Structures are given as structure tokens and as C-alpha cells.
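A.B. asks: coords please:
(chains A and B)
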Amino acid sequence: MKSMTTEIPKQYDPAAAEAQWFHFWESKGYFNADPNPAKPSHVIMIPLPNVTGALHMGHALNGTLQDLLTRWRRMQGYEALWMPGTDHAGIATQSVVEKRMLEEEGQTRHDIGREALVKRIWKWKDEYEARILSQLKRIGASCDWRRVRFTLDEVCSRAVRQTFFKMFKDGLIFRGKRLVNWDTFLQTAVADDEVYEEEIDGHFWTFDYPVVDNAGQPTSERISFSTTRPETMLGDTAVCVHPTDERYTHLIGKHVRIPVNGRIIPIVADALLADKTLGTGCVKVTPAHDPNDYACWNRNKDLMGEPINILNTDGTLNERGGAWQGVDRLVARDAIVAEMERLGHFGKVEDRKIPLKHSDRSKTPVEPYLSEQWFVKMDTLAQSAIDAANDGRVTFYPERYRQSYLSWLGEKRDWCISRQLWWGHRIPVWSNSYDVSELNSIRETIEQSIQSGESCDPSRKISYHISAPEKGRFQVLICFADGNQTLEYAFEQLGFVRDPDVLDTWFSSGLWPHATLGWPDTTHNPPIVGQDPLKPTGKNEVLPYFYPGIVLVTSRDIITLWVARMVLTGLYNMGDVPFRHVCIHPKIQDGFGQTMSKSKGNGVDPIELIEKYGCDGMRFTIASFAGETQDVRLPVGYECPHCQGIVPQEQHHLKFKPGKPKIKCAKCKKESQYATPNYIPDEGEPVARVVIERFEYGRNFCNKLWNATRFAMLNLEGYSPGDVDSGSFAIEDKWILSRLATVTDEVTTLLGVYKFDAATRSLRDFVWNEFCDWYLEMLKPRLRDESLKPAAQRILVAVLDTTLRLLHPFTPFITEELWQRLNEIAPVRGIPASTQASAAIIIAPWPTGLDHWRDTALEARFYRLQELIVAVRNVRGTYNISPAVSVSISVRCTEDVAADLKQVQPQFELLAKAALTAAGAEVSRPNASASFSLGDADGYLPLEGLVDLQAEVARLRKEADKLRGFISGSEKKLTNQSFIDRAPAEVVVEVRETLAGQQKQLASIHEAIKQLSGC
RNA sequence: GGACGAUUAGCUCAGUUGGUUAGAGCGCCACGUUGACAUCGUGGAGGUCGUUGGUUCGAGUCCAAUAUCGUCCA
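C.D. replies: Numbers count the residues shown, from 1 in each chain, chains lettered A, B, ... in the order given. You can find the predicted model right below:
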């Protein structure tokens, strides 16, 4: 047993502990959560990371907080489930894979086809999912790994299919037109977050259109407008002026003729689109190719007629282009300018910088393009989610984020759910069109098919919609519920074709909270890795036990995209919200205030920091960031591989440059390659690795904790468990127990409202500034005294035990390591009565019921002692007295303070290297002594030969000056009649008392100055 | 353009309902390797709280305006 204590190394080795204990926890099944009627459940659904790439520090923060909460609740006795998984992330992933394919093989998706592309993306997904999950494990994530899900897996797919079917049947899904960002190079729509804006050199042309009379003949008037895209005039459906623009009011309702194609279009008034103060005040309206124009068209549909699409998918003009059909839009642009000039409708042209949206994938300009899309009707769904936040079923932390959630939902804009991609959940709708004469026969065919086959309830397998006839034809849309492949095939034989589009990624991730629990399956529990075949339960016990969850932990940018969708789909499918709390945490930025992201190339891999600072050090630091207000800025550095000097990251280091740029160390002047997501360093080449010095905060804290425990263990020789009579507690025992009780209460409360930063500070201050700096120091003499040692050991072990448990959610690995070591030396511990400690800290109970230790009066008394000791140290510092030299001190003070002082007399030597010679009201000032005053206690240090009279007087005068400042502030208040009259009585009393104390203190200092100066 | 947040010590950040002349970590200065810890200890220097105006007996804290930065939505 004794050998154990001497083996403990001086420094904590994070890598060893991390490898050992993660495996231990997982193999013991401590992460697993299963329905258990004896316990309340606590559920957190991970904000599923995209499989596009590896995780960065933003994810590490998110994961750390969820793990912290999960471990905390688990210790509190909850059946704590943290559900892991990843998102297929439609366009993002497909685009990464396509890009790589193009770079490495020169192939596009059209070269290899849908099936082959999807197969490749699955391969990519497998690789990155594995990487992501292993990163999460490295940060200590105590997810129930048996339950890991993927949005395209069987379980999630069933939920998607069922939700779509239900919505289709309920009439919530419809087809509609919408402007999308069209990539003419890749010939696909791209999402808003896949485009970036870039200024290009362009032109700003001014033309005019002739106003025509009712017969379509030109009048003498013309109306001028300017544009950067003249070719779109082929698709104009109106020109627009401001309704109060006097230049044009007489023209509103009249028409103009487009000179290049002769089409007659109306002049409309729209206050939102036209701006009197800009240019001519008149604009052309091309709803099919401009979002603002499209919005205008929506407001003025009746006046304009249908939007006119002039483009083919490859960016050439279509049949609406007339003479320019088949010509690329940019070539046509110049031709049309020339034609307008020839016809005499050209005004002028000027050069201008034009902000233009580009596709992130092809780097080519995108065209706004009107196309057919699928939508979900949002009115009632959005309202249900609004109600849930308004009536408190869903609460936001911090509260202000409720606003962005509500205002976004309040718009109730229909949700466009189709994407022209191959990677994702394919829309389960088949369509075909028929001549009106076939209407009855096709309806009959469908009805007959529904009745056929062995499937039970016909209304649950098929839902169809027949459109209103147009030009003698109508369209039939059929949505099949999951598991009707035979019917799908049968209808394909009839010529029905499945929609090629896939669903928006958020459609599936929005179902995450209930889909992962097996919904809509009511007869089986969701599958679990390692439990095969499924245990036949006859019902799904997991879903009702774990739904609804408790808290969603995420960052603010997906409140609308994801949080709102989960709430409304949860209400729609389950009839209840998916979680009660939404905890919004800060975003991680680099040293320049830019949010960390893969595309910016400024992301830092948490693994790099874990290897440098230890997982617990990383976690503790990151938890200390997670407050309610600010985002977190992390200045990054590169550690020179030659001399370990730190080169601060500069912005140019983040920009992608071809080749392998080097970084130069300012210290040793050597160059080296550096770690960046932009390239892989050469094999065997020395690399400057990423460091973030702020993480030393957590690493140092862990080392401190390690050594405090090490100290305890080195002093546990001969430890025996046993009861400790609280009557025998020394003042420092009572103090540390009172502080421990207070901190336990604080941390518990703070975690409950997701104030991780404050909880972390509270713990650090307690461990470092109270437990280590004061308590352990004061305990040293007792641990050397054989008669006092047994009780001191028991209290020390008990305090340490509780402290480790409080820290476990923050720093799981080091606390488990120390707990296990403590279990070998002191398995039975606790005060006043001792009990057998838990076999692992991860399942140890969270500290509760310590309130009876709290004693604020005692804490105040102890604070007076600390002040005294600090004052002595201050004097020592001033005179530069060597720590080897002991001084003596006498204190003039009240008898209460004297009694406390005498109790801690032995520690004075250790804490201030001062021998307390006398304490009490009768103590007088010795000659040639330095002194200090605390108001109700004055200390004297005889420093024969050490005291420099002049220096001491100067020091005291400085003190006195400072006091006078305080005093005049207090006096000023008390002589202010309005203060006396209007301030609350207790505040006035407080100021009076403060003033009295300050005056007393000043008097003591004056006395000392008087004596020293001998007058 | 709208909404929200931030602006406090050289750096990164706390500061709960307005109440002594504002705190922490890092960095800096001085001293110190005393058997838990130099990833350490002790002491110290250093901010008037972006700017302007207002409310109040009293403002870092509340209100208004303004500047700058960040984020989301247009």
C-alpha cells in the first residue's frame, strides 16, 4: 500500500490517463442509457456534425458542454443519454466529393452517373464519419455509442419517408416556382450558403423604352432605366416606378414596348422595388432572373403576367431569346446593347464595380433562375412552434435568442425542401401526365392498385394528387409510404417516373430527436450496435422513455435552420416539443475575430490541442469560455520545431497559397513548414504545430489539481477510516468545509442555467486559491503531528473526494485517474461518517446535502486572518526580507480576533514566516517596528536594523493617502443632504460604518507615523 | 437595410437586481528552487470602463445618440 503513494509522479500524464479511462468507461457500459423506470431520463441529442470534414474547436466546445452536462446529470442519478450521430449534409458533401473527383480524375458527376457518384460519397462518408466519431471520443464524449445514427441510415430514412408521406397526405406539401442560384457550369442549383459575393468590373448601361398608346403605337414619351444585365430585357414583364414619383405618376398603368423583341409590357408602381433617388427612378422588372424583381412580381402578379425564363440550364438563351437563341448570355449581352443602340434606345454606359454572387463550387457567377421546387406549407407548422416558445414549453438560454427564433418563424415562409442533387433522401413522389380524356380511367387504376396487394390500411400506403388540367393535360402525383416497393414498381411500369430531386438536409436533421429513438416504429426498440438480432419487445420502449429530451446545446447560427425545424416536426409527428431548453453557446473565433470554419482555413483540430495541453486542460479551458455574452477569440501561434519559440499567426498564414509556404521563427531565425488545413506537410519535414497559449490555463489547473492530490496521498501513510467529531474541527476545517458547501451549491446552480464559465471560475478559485493556497498549507503542521494526523487525514480525504466529484464533469480523465488512486489508498472515506467510495468517479454521486457546513460568520472571521497574513507578507516584501528569515509579530486587536489568531498560531510560521508573539487589546507598539492597520487589528513587526525609518514612513504615508481618498468619498456622501434623504437607510448606515472603520484605520497609521518620526 | 451582441488593464475575458476609489488569468517587474506543484510560490506595477448626452443622492451597470467590430436575417 505504501509503495503506491510513493509512485505518484510529479506531473500528470494526460495521454496515458485518456487512453486508459475512456476504454474503461466504455467497456463497463457506463455511457449506455436504457429505459429505466426507476430513474428520470436526461437526454441530449448531439447537433449532428456534417460528414464533409473533420471537427474544429467550435465542435470541441459544443461537445465538451454536452458531455459536461451528461456526466453531471448521470452523477445526479439520471439515466443520461447523449445521442451521437452525423449528418449526410447534402450539397456540402456532394460538392466536396465532386470537387475532389474533378481535381484528381478530371471527371464530373455526369461522366460517372448517379449510382456511382452516390457510391463514392458513401465511401467518403464512412471515412469522415469514423474520423469525426474518433475525434469526439478523444474529447471524452460519453455518448451512448451503441446508438450512433446517420441521417441516411435505415432508421432515419424510415422517419423521413413517413414524415413526407404524412405531410403529403395532409396537404402540406406542394409544388411551386422559386428563384434559385443556378450554377450554369455545373448545371445545378446551389444553396445560399454555397455562394459567395465578389466584386467584378462591369458596366452600368442606361436605355429607354418607348411608351405606347392603347393601340400599341409609340407616343412621344420614353422612359429610361439602367441595368447591369441588358440581356435580361428579353424577359422583362414590366417597368416599375415609385408610386409617388411625380415624374412618372401620369404613366402608371400605361405600357411600353421592348424594342428588341417588340413585346408590350405595363408600367407599374411599387414602392419597395423602385427608389426615386436612384438613377432615373425607374427600373425594369425581370421576375424570372432577379430576386427583387420576383418579389415585386409577387406583389403585382395581376398586372404583369407570368415570369419569363430566358435561359437554358447551360446559360445560353432559350427560345425566348429570339434571334439570340442558343447564344451564351454574356455574348448576347453585347449584341443586345448594340441592337438597342442601332434602334436608338441607348442612353449611356459607365464602368462600375458590381457585387456578383459566385458559386463556391465552380467559382463561376450564378444566375438567379426560376424553377419548379417542392415546398412545405409553413403556416400552421410554424405557428405551433411559435406557440411552444411563447408558452414556455421551449426555453432559450440566454433568453434573448427566443427573439430570433420567433421572428424567423413569424414570417411563415414556405419551406423549399427540394434540392437538385444526388446525395440525400430522394423525394418519394412519382408522377405522370395524361390527357384529360383519361382522367377517370387513371383514377380508377390508382384506386384499384391501392386496394390490391396484402397491405393493410389502404390510406396508409399511398396518397395521390391530380392537378388541374392545363392545355388539355393534367399531372398525377403519387406519394408512396415506406415499404411499398411492389406498388412503386407497378406504377413505374405504367410510365410513372420518380422525382429526381432529393430533400433538403434539414428535412432529415429536423427529425433527429425522434427519428433516432426509432419513430415511427412502435413495435421495436431502435437497433443497437452489438445487440443483434433485435430483442423482440413488442413495443418501442425507448421512444416514450427518452422523448422529449431535456436540452439542445448549439450555437446561434442554426436556431432558425435547425432548432425551429426540430420543434415543429416534433410537434407535428410526436405532439410534443423535442427538448425543453435550448442552450446557445459562444462561437469560436481565430485571433482576428473570424469565426472558425473549414472554408476559411482557420479551423484548429482539437486533437492538436489535446496532444499539447491534455484533454482535460482543453476541456477546462473551453468550459471557462462558455458564458452568455461574448464569442471566444483564440489567438493562434505556431511553435517553432527548432527552438520551441512561438510565432504568432498572421492573416497571410491562413490564405491558401500554392506550394508549401514556410514560417520564419523570430527567435532562432529558422524556417519551417507549418500546420494548416491548406496542405499536408512533407514527410519527415519539421513542422511548426498549432498552439493556443490560452489553453495553458486548463493544463496548469490540471497540474495543480494533480499535485494537490499528490500531496494528500504522500501524507496518507497510516490512513484509517473513521468518524470525525465535528467538535474537534479546527477553524480551517470549518472554513474549507463551509467554502466547499458554498462552491457545491454555486456549481450546481450555475450548471442548471448553463453558465459554464462562472461554474468553472468558481471551481478554479476554490481548488487553487482556497484549497491549495490556504487549506493545504494550514494542514501541514497537523499532518506532521502524530496525534492530530488521523483526523486531519480523514478531513483532507473527504474534502478531496468531494472536490474531485465536483470537477469530474469538467475534467473527467484526471479526476478518474486520481479517484482510482485514492480508492487504492483510502477506499473508505467521508465525514462525519465514512463510507465505501464508488468504484468509478463517473458513476459516483454528485455532492449534495452539504449545506449544514455553511457558516458565513466563520468565513468572515477567517477572511480577517487571511488579511493579517497578507499584510505581514506585504511588509516582508517591502523590506525584501529573505524568506529564510523569520520575523516576529504582535497584533493589537479585539479579543475575538486574538482568539482566532491563537488558534492558527502554528501556521503563521508557514504562511508568513512570522512568529506571533502577542495578540490582544493590550498590545502596544514596539520601537523600530514596521506596522500595518486593518481597522480592528493593527500589526507590529519589530525589525531592528531592518527598518529604514524613512522608507517606512513613506510607505505608511502612501497608505494614509489612499485611505484619505476613501474617507473623503464617504464624507462627501454623508454631507450631501439629498443622499441622506433619498438613499435607502441601510445604505446610509453602511457608509457611516465604513467611514468609521476608515477613520480608525487612518488614526492608527497616523500614530505610527508620529512615533517613527519621533514627534 | 433590419435584428441581436460586443467595446472594461499590454493580451483574453468576468463584473448578478445601479451603492466603498472596478476583478481574474496570461504577460510585465522584484524576490524565492522551504520535501505537492517552476505547468510553482510571495509581493508589486498597470484600466476611470469606445465617444457624447441624459436619468439618479449615486452609473462600468439604466436610457438616447454615435463610432467600430462580430453574427444572423434581408
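A.B. asks: excluding sequence neighbours, find me the nearest residue to the closest residue to RNA strand B within the stretch 451-600 of chain A.
C.D. replies: When distances are taken as C-beta to the nearest atom of the strand, the stretch 451-600 of chain A reaches nearest to RNA strand B at A:Asp557, 3.6 Å away. Every residue, glycine included, has its C-beta placed from N, CA and C. The shortest distance from A:Asp557 to any non-neighbouring residue, by C-beta to C-beta, 6 or more residues apart in numbering, is to A:Lys587 (7.5 Å).
A.B. asks: ok, back up a step: hmm, the residue of the stretch 451-600 of chain A closest to RNA strand B is touching A:Pro586, no?
C.D. replies: No - counting by C-beta atoms under 8 Å, A:Asp557 stays clear of A:Pro586, with 11.6 Å between them.
A.B. asks: which of those two has more neighbours?
C.D. replies: When A:Asp557 is set against A:Pro586 and neighbours are counted by other C-beta atoms under 10 Å, the residue ahead is A:Pro586, at 20 against 13.
A.B. asks: neighbours of A:Leu517, how many?
C.D. replies: Around A:Leu517 sit 27 other residues, with neighbours defined as other C-beta under 10 Å.
A.B. asks: next one: A:Glu685
C.D. replies: Counted by other C-beta under 10 Å, the residues lying close to A:Glu685 total 11.
A.B. asks: for it, what are its contacts?
C.D. replies: Contact partners of A:Glu685, counting by C-beta atoms under 8 Å, 6 or more residues apart in numbering, are A:Ser672, A:Gln673.
A.B. asks: the same query, at a cut-off of 10 Å, please.
C.D. replies: Contact criterion C-beta atoms under 10 Å, 6 or more residues apart in numbering gives A:Pro641, A:Lys660, A:Lys662, A:Ser672, A:Gln673 as the residues in contact with A:Glu685.
A.B. asks: A:Val497 now?
C.D. replies: Listed by C-beta under 10 Å, 6+ apart, the contact partners of A:Val497 are A:Val429, A:Trp430, A:Ser431, A:Asn432, A:Phe491.
A.B. asks: change it to 7 Å
C.D. replies: With contacts defined as C-beta atoms under 7 Å, 6 or more residues apart in numbering, A:Val497 is in contact with A:Trp430, A:Ser431, A:Asn432.
A.B. asks: please apply the same query to A:Val337.
C.D. replies: With the criterion set at C-beta under 7 Å, 6+ apart, A:Val337 makes contact with A:Trp205, A:Pro230.
A.B. asks: for chain A, longest helix please?
C.D. replies: As assigned by DSSP state H, the longest helix anywhere in chain A is helix A:985-1013.
A.B. asks: only the buried residues of that one, if you could.
C.D. replies: Of the residues in helix A:985-1013, those scored as buried under the neighbour-count criterion (16 or more other C-beta atoms under 10 Å) are A:988, A:991, A:994-995, A:997-998, A:1001-1002, A:1004-1005, A:1008-1009, A:1011-1012.
A.B. asks: A:Asp785: neighbour count?
C.D. replies: A:Asp785 sits with 11 neighbouring residues when counted by other C-beta under 10 Å.
A.B. asks: for the longest strand along chain A, which helices and strands make contact with it?
C.D. replies: What stands out as the longest strand in chain A, according to DSSP state E, is strand A:195-212. Here strand A:195-212 is seen to pack against strand A:218-227, strand A:255-257, strand A:346-359 when contacts are counted using 3 or more C-beta pairs under 7 Å, 6 or more residues apart in numbering; DSSP states H and E.
A.B. asks: now for A:Leu306, how many residues are close by?
C.D. replies: Just to correct that, residue A:306 is Glu rather than Leu. A total of 12 residues lie near A:Glu306 under the criterion other C-beta under 10 Å.
A.B. asks: how about it, nearest residue that isn't a chain neighbour?
C.D. replies: Take A:Glu306 and drop its neighbours on the chain: the residue closest to it by C-beta to C-beta, 6+ apart is A:Thr237, 7.7 Å away.
A.B. asks: could you do A:Tyr248 as well?
C.D. replies: Setting aside the residues directly before and after it, A:Tyr248 is nearest to A:Val241 in space (C-beta to C-beta, 6+ apart), at 4.0 Å.
A.B. asks: now the one you found: phi and psi?
C.D. replies: Listed backbone geometry of A:Val241 is phi -130, psi 170, with angles given as degrees, to the nearest 10.
A.B. asks: how about A:Ser882?
C.D. replies: Per-residue torsions, A:Ser882: phi -60, psi 140 (degrees, to the nearest 10).
A.B. asks: got the residues of the stretch 751-900 of chain A near RNA strand B?
C.D. replies: A:757-758, A:761, A:768, A:772-773, A:776-777, A:780, A:870, A:873-874, A:876-878, A:880, A:882-884 (C-beta under 7 Å from any atom of the strand).
A.B. asks: now, of these, which are buried?
C.D. replies: A:Asp757, A:Ala758, A:Arg761, A:Cys772, A:Leu776, A:Lys780, A:Arg876.
A.B. asks: up against RNA strand B, what does the stretch 901-1015 of chain A have?
C.D. replies: A:962, A:964-970, A:973, A:976, A:978-979, A:982-984, A:987, A:990, A:994, A:998.
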